[in-house]
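*Asks:* kindly return the folded structure for what I paste below:
(chains A and B)
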Amino acid sequence: MTGVRSGRVDLPVTNDVLPKGKRVLLLVPAVTYRATDFVLAARRLELDLVIGSDGALPLGGQPVVHVDAGDPSTSSQHVLARVGALDAVVAVDSQMLGLAAEIAATMGLPHNPVGAVAAAADKAAQRCLWARSGVSQPAFRIVSADTEEPDAARQAKELGFPCVVKAASLSGSRAVLRANTESEVTAAVIEIQRILAETEKASSDHIVIEEYVPGAELSIDGLLSDRRLTVTAIFDKPDTPEGPTFEETLLVTPSELAQPVLTSATEIVEQAASALGLRYGPIHAELRIDTRSGEARLRMLELAARSIGGLCSRALHFLDGASLEMMVLLHSLGCRVQAPRLTGAAGVLMLPVEKAGRLEGIEGGEEALAVAGITGLSITIPLGDVVRPLPWGDRYLGFIFAEGDNVSGVRDALRAAHRKIRAVIN
Amino acid sequence: MDLVDQVSMALQTSVVPTVIARGGEIRVLTVEKGVAILEVSGSPGASVPLIARIESLIRKAVPEVTNVRMVGPGGRPLDEDAEGSLAERVRRILDVEINPIIAAHGGRANLVELKQGWVRLELEGGCQGCSLAEVTVRQGIEPLLCARVPGVVGIVDVTDHQAGQKPFYTAAKR
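*Replies:* Sure thing, here's the model as predicted:
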């Protein structure tokens, strides 16, 4: 790969746009896993960084502008008044995507349409727009979040069992439940309504009931430029659960799927993004390979207008030394980013919360780190915190990282390390 | 392929990208009598904490190597610079200007060490494990220290954030 040299990194870009000194507004929600990696990436690129955040930051040597993602119009005006000219706006995590689009639109910077970002954050809108564009996806029904449970059960019965019942507005597998019978649909709807009530989204939300698609799952990360997708990472997800809840578990890369499957998957993701109106910036998509008919058919599960969540991007080590966050930032500045090459096989395992209670300890960390191939363990919930498993929780206990010469070794290492870890929750 | 090349190759896959990602650089200077001398530059926090992992990796890949030592740029010992007065000035700024402010979040920043202009800082209380700690360090503390104390080139955050008990903001996926 040829690139532009900047500091210690051969930037994976094909044009000569050097980012150093460019002024970038990074919109950082207070509650996120992603702040550190984006801030460090901006620092490595020597950007003139401005932070917008809904967090109350105690120090602001350089501009730290308070923003409220729930009030994008006022926040956008506030940012314009405080910050002045910018070269790019980047949302660090989902909560800030709408505001980033609004500010970028106001400033005439390349970004996704506000409506497209909103559609990508709404699982019901996604399904409808994909259906209209013929994107391959599970069959589905949509009901209001305050629907009577018998109506939801009737709709699910029409669809067939098993099915998946999910809140349209939540992410990270929250409020997503598999149901195998009408009574399980009823129970799932009641539980989702309770979760939504807690998030204050009950009145405006929808519930999606969709066909359960068995089969291998994969995720694709990439960067859209005028609707064309440059893939930055494809992960296989070999241990994805079959329900009743759908914890993220093991992700390994590069994918072991056949190249024609990956090519088709990339094309479907590109089509799905386009159907939502997305045309610029990072995306993260999840698909399943449906083999029930005897042939492999890819089905879009979900797509978000951001890069991969949690600390998962830390598993990716690219040959040129760039991080995924650096690529997102470079792309936001108009650099033409090339598809990166990995240094080898890598993977990450997200440690799910297995029961509700107070986290009193994590045992086996040293043993997990001693497993050959394991390169890191990051526990992200403070001891003493109250935790809840899915479908209620929105946090993972932490992340285990592995590297190796091949995917099977990485996968085995992560599974072995996971077996060593025991969360003490009482 | 000589021993220097073999050790370089062992570092190339996983260690070098990790060190670069943390703001440092690392290269093999020499391998003599079983001792590999590695020159580290940039942020010391990028490479020094990895010494055990690096040694294990090199010894496994190149059995002729029995010991690994890190040196600073030009082969200087890493602990050469005391920089006492600079450290005092940093400590004073922390105590007088920074800690009273971040105390509003239950946080505190302590100077652990100062080497070659790099401030090794440990955060505690509300800052330890906070999802916005990096923003506070890079946008708040670092520019303030660099502006107020000539000679300071940057901060290395050496906090064990995973051990934080009361972070002001906890990481989550929303």
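*Asks:* residue boundaries of the strands in chain B?
*Replies:* Taking DSSP state E to define them, one finds strands in chain B at B:24-32, B:35-42, B:67-71, B:107-115, B:118-125, B:154-157.
*Asks:* tell me the strands beside the last one, with direction?
*Replies:* When sheet partners are counted by DSSP bridges, strand B:154-157 sits next to strand B:118-125 (parallel).
*Asks:* how about the first one?
*Replies:* Looking at strand B:24-32 with DSSP bridges, its partner strands are strand B:35-42 (antiparallel).
*Asks:* how many neighbours does the residue in chain B that chain A sits nearest to have?
*Replies:* Here chain B gets closest to chain A at one residue, B:G140, 2.7 Å apart by CB to the nearest CB. C-betas here are computed from N, CA, C, even on glycine. For B:G140, the neighbour count with other CB atoms under 10 Å in any protein chain shown is 22.
*Asks:* could you do the one 5 residues further on as well?
*Replies:* Residues lying near B:L145 (other CB under 10 Å) number 26.
*Asks:* again, but for the one 4 residues further on
*Replies:* Burial measure for B:V149: 18 neighbouring residues, criterion other CB under 10 Å.
*Asks:* skip the chain neighbours and tell me the closest residue to it.
*Replies:* Once flanking residues are discounted, B:V149 sits nearest to B:R89: 4.9 Å by CB to CB, 6 or more residues apart in numbering or on different chains.
*Asks:* what segments of chain A are helices?
*Replies:* Along chain A, the stretches classed as helices by DSSP state H are A:35-44, A:72-83, A:97-107, A:114-120, A:123-133, A:149-159, A:182-199, A:259-276, A:324-332, A:365-370, A:407-420.
*Asks:* any chance of those helices in a markdown table, plus mean neighbour count, mean pLDDT and distance to chain B?
*Replies:* Below are the helices of chain A laid out as a markdown table (neighbours: other CB atoms under 10 Å in any protein chain shown; pLDDT from 0 to 100; distance: least, CB to the nearest CB, whole Å):
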| stretch | mean neighbour count | mean pLDDT | distance to chain B |
| --- | --- | --- | --- |
| helix A:35-44 | 23 | 93 | 4 |
| helix A:72-83 | 16 | 90 | 13 |
| helix A:97-107 | 23 | 94 | 11 |
| helix A:114-120 | 21 | 95 | 15 |
| helix A:123-133 | 19 | 97 | 15 |
| helix A:149-159 | 18 | 92 | 25 |
| helix A:182-199 | 18 | 94 | 9 |
| helix A:259-276 | 19 | 97 | 20 |
| helix A:324-332 | 26 | 95 | 9 |
| helix A:365-370 | 15 | 95 | 9 |
| helix A:407-420 | 20 | 98 | 12 |
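*Asks:* could you dump the strands of chain B into a markdown table with mean pLDDT added?
*Replies:* Shown next, in a markdown table, are the strands of chain B (pLDDT from 0 to 100):
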| stretch | mean pLDDT |
| --- | --- |
| strand B:24-32 | 87 |
| strand B:35-42 | 85 |
| strand B:67-71 | 80 |
| strand B:107-115 | 93 |
| strand B:118-125 | 94 |
| strand B:154-157 | 94 |
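*Asks:* which stretches of the stretch 201-350 of chain A have low pLDDT?
*Replies:* Applying pLDDT under 70 to the stretch 201-350 of chain A flags the ranges A:201-204.
*Asks:* helices of chain B, start to end?
*Replies:* Using DSSP H, helices in chain B cover B:3-12, B:15-21, B:51-61, B:84-93, B:99-102, B:133-135, B:142-148.
*Asks:* of those, which approaches A:L257 most closely?
*Replies:* Closest approach to A:L257 among the helices of chain B (CB to CB): helix B:15-21, 25.2 Å.
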